[in-house]
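> here is a sequence with its predicted model. Questions after.
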Amino acid sequence: MAKVHLQIVTPEKEFFNGQVDMVIAKGVEGDFAILRGRAPIATPLEIGKLRIKQDGVERIAAICGGYLTALDNEVTIVTDSAEWPEEIDVERAMEAKKRAEARLNGKDPNIDVARAEAALRRAMNRLEVSKDKK
Amino acid sequence: MAKSTRDIKRRIKGISNIKQITNAMELVASVKMRKARARLERTRPYYNTVLNSIKDVLSYTKVSHPLLEEREVIKSLYIVVTADRGLAGGYNANVTRLVDSKFKNDKESISLITVGSKGRDFFRNRGYHIVKSFQGISEEPEFKDAREIGKIAIDLFLEGQVDEINIVYTRFISNISYDARIMKLLPVDDLKVEGEDKLKPIIDFEPSPEEVLDYLIPKYIESTIFGALIEASSSEQAARRVAMENATDNAEEMIEELNISYNRARQAAITMEISEIVAGADALK
């Protein structure tokens, strides 16, 4: 299968760099896949699952927002954080989820709802992706 | 050689103490530098990628955006990255001097955001306008620090309070070489590719060019600031290590010289004593 070059970078490290068959990411308007020969595109990403098909094997990663550009079969994803399922600290994500839920359900009117919701989404996404651990 | 041996001994002891301290500081700095360098190495791909992709995107599009607006530059914002602590040779002075020499007679035309207490003190004493200063982040910068600085800078630009955003930081080249430089963040005229005659394919923006740029440009500013902070933290440790190494070497040299004069003074005292004894013995004959 014809391949595209995929690079994923986070502020902490270069997360992934290699040739892949297909990338499926969650954009602001839903999931989309990128194959070789895709017309150039630039789009922000949602907090969600990223699926990478490489040599017939599908790998899944949890990513937190960011954006994707695809130009001349070079796909670049820049994101705030990216993790493979086995890297995810499930306990920490559980706690983060509880904290965020408590904040959203709490009576305190001064909370930053958007921030708490984003934290909740990040935690749920991590838990979801961690289930894919082999 | 008038100094008594006791004075010289006291000085040797004092310098040895200083040497121990500088030596310890050198070791600490070199450990920190190694850590900072490893971090720099991991982070460089990130902001290089962001920089490249924003360049690509901007060269493909002609969309206007409030953050891409070019105005006549009346007031500039300078983000100055220095250290919280001194004893790093010329590290802090190089950065502050770069700005001060440019605007010494034109202080009204710039506003500053300072990182590190050295920069804050320097510019405050000279009567520059400081919008905000950050302390305690220059050694181990986090991405959220860069985000905060970026937000302040972007807000100032959007409100029209500044027409230009620059960052002054020390770029890390190698363990012994680093240079202070000014980089322009906004407006992004440097980023626009000159080769306009080259035929560019049309790029899709999902959901719309404005929304993509809304996201992309602040990201570019944040990650460039983050990159500068990381570079500066490596440079700071490297500069401190070199400065402390020099101090230790100098202390060693001084101790050596003092040892020689100590021995001379001791010898002179002995010789004098002998000649006194001999003279005394002669007198008794």
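In hand now; what should we look at?

> from here on, just use CA atoms for contacts and neighbour counts.
Fine.

> could you check how far residue A:55 is from residue A:19?
Separation of residue A:55 from residue A:19 (C-alpha to C-alpha, to the nearest Å) stands at 9 Å.

> let me redo that: residue A:31
21 Å.

> and the two? Which one has more around it.
It is residue A:19, of residue A:31 and residue A:19, that has more neighbours when counted by other C-alpha atoms under 10 Å in any protein chain shown, with 17 against 14.

> now that one. Nearest residue, chain neighbours left out?
Leaving aside its chain neighbours, residue A:19 sits nearest to residue A:5 (4.5 Å; criterion: C-alpha to C-alpha, 6 or more residues apart in numbering or on different chains).

> any idea how far that neighbour is from residue B:171?
30 Å.

> those two: which is more packed in?
Legend: neighbour count by other C-alpha under 10 Å for residue A:5 and residue B:171, higher for residue B:171 (22 against 18).

> what pLDDT does the model give the more buried one?
The score at residue B:171 is 90. That number is its pLDDT.

> ok, now residue B:230?
pLDDT recorded at residue B:230 is 91.

> and it, backbone torsions?
When read as degrees, to the nearest 10, the backbone of residue B:230 gives phi -70, psi -40.

> give the contact list for it.
By C-alpha atoms under 8 Å, 6 or more residues apart in numbering or on different chains, the residues touching residue B:230 are B:36, B:39, B:40, B:43, B:140, B:141.

> rerun that using 10 Å as the cut-off
Residue B:230 sits next to B:36-37, B:39-41, B:43-44, B:138-143, B:169-172, B:224, B:236 when contact means C-alpha atoms under 10 Å, 6 or more residues apart in numbering or on different chains.

> which neighbours do residue A:55 and residue A:19 share?
Common neighbours of residue A:55 and residue A:19, counting by C-alpha under 10 Å, 6+ apart, are residue A:3.

> give me the neighbour count for residue 107.
By default, I'm working from chain A. There are 9 residues near residue A:107, going by other C-alpha under 10 Å.

> hmm, no, I was thinking of chain B.
Here the count is done by other C-alpha under 10 Å, and residue B:107 has 14 residues near it.

> which residue is the nearest non-sequential neighbour of it?
Once flanking residues are discounted, residue B:107 sits nearest to residue B:128: 6.0 Å by C-alpha to C-alpha, 6+ apart.

> quick check, the one you found in contact with residue B:78.
No: the pair residue B:128 / residue B:78 is not scored as a contact, 11.1 Å apart, by C-alpha atoms under 10 Å.

> who has more neighbours, the two?
More crowded of residue B:128 and residue B:78, by other C-alpha under 10 Å: residue B:78, with 25 against 20.

> what strand or helix carries the more buried one?
Using DSSP states H and E, residue B:78 sits in strand B:76-81.

> in its sheet, which strands sit next to that strand, and in what direction?
strand B:110-115 (parallel), strand B:164-174 (parallel) (DSSP bridges).

> so can I have CSV of these showing distance to residue B:26?
Below are those laid out as CSV (distance: least, C-alpha to C-alpha, whole Å):
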stretch, distance to residue B:26
strand B:110-115, 23
strand B:164-174, 17
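
> hang on, the earlier thing: residue contacts, the residue nearest to residue A:19?
A:17-23, A:36, A:70, A:72-76.

> what's the closest of those residues to chain B?
For the contacts of residue A:5, the residue nearest chain B by C-alpha to the nearest C-alpha is residue A:76; the value is 7.8 Å.

> re earlier: need the per-residue pLDDT for the residue nearest to residue A:19.
pLDDT, residue A:5: 92.

> now swap in residue B:4 and tell me
Looking at residue B:4, its pLDDT reads 80.

> was I right to think it contacts residue B:266?
Yes: counting by C-alpha under 10 Å, residue B:266 is a contact partner of residue B:4 at 8.5 Å.

> which one's more surrounded, these two?
Counted by other C-alpha under 10 Å, residue B:4 and residue B:266 do not tie: residue B:266 has more neighbours, with 15 against 12.

> contact partners of the helix or strand of chain A with the lowest mean pLDDT?
Lowest mean confidence among the helices and strands of chain A (mean pLDDT, DSSP states H and E): helix A:113-130, at a mean of 83. If you take C-alpha under 10 Å, 6+ apart as the criterion, helix A:113-130 is touched by A:46-50, A:60-65, A:82-104.

> now that helix: buried residues?
For helix A:113-130, the neighbour count (16 or more other C-alpha atoms under 10 Å in any protein chain shown) marks A:116-117, A:119-127, A:129-130 as buried.

> among those, which two are most distant?
Using C-alpha to C-alpha, the pair of these lying farthest apart is A:116 and A:130, separated by 21.0 Å.

> who touches residue B:225 in this structure?
Counting by C-alpha under 10 Å, 6+ apart, residue B:225 touches B:47, B:79, B:81, B:143, B:145-147, B:149-150, B:166-169, B:185, B:219, B:231.

> hmm, try it at 8 Å
Residue B:225 makes contact with B:146, B:149, B:150, B:167, according to C-alpha under 8 Å, 6+ apart.

> which PyMOL command selects the buried ones in these?
To isolate the buried ones among those in PyMOL, judged by 16+ other C-alpha under 10 Å, type:
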select buried, chain B and resi 146+149+150+167
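
> return the subset of the contacts of residue B:225 lying in helices.
Using DSSP state H, the members of those that fall in helices are B:146, B:149, B:150.

> ok, the residue lying closest to residue B:91 once chain neighbours are set aside - how many residues close by?
Distances taken as C-alpha to C-alpha, 6+ apart place residue B:239 nearest to residue B:91, at 6.2 Å, with adjacent residues excluded. The number of residues packed around residue B:239, counting by other C-alpha under 10 Å, is 26.

> quick check, residue B:239 in contact with residue B:92.
No: counting by C-alpha atoms under 8 Å, residue B:239 does not reach residue B:92; the two are 9.6 Å apart.

> next, the contact list for residue 67, please.
Going with chain A. Applying C-alpha under 8 Å, 6+ apart, one finds that residue A:67 lies in contact with A:42, A:43, A:44, A:45, A:77, A:78, A:79, B:216.

> actually it's chain B I care about, not the one you picked
B:154, B:157, B:158, B:186, B:187, B:217.

> any part of the helix or strand where residue B:45 lies near chain A?
If you go by DSSP H and E, residue B:45 is part of helix B:5-60. Yes: in terms of C-alpha under 8 Å from any C-alpha of the partner chain, part of helix B:5-60 sits within range of chain A, namely B:39, B:42, B:43, B:45, B:46, B:47, B:49, B:50, B:53, B:57.
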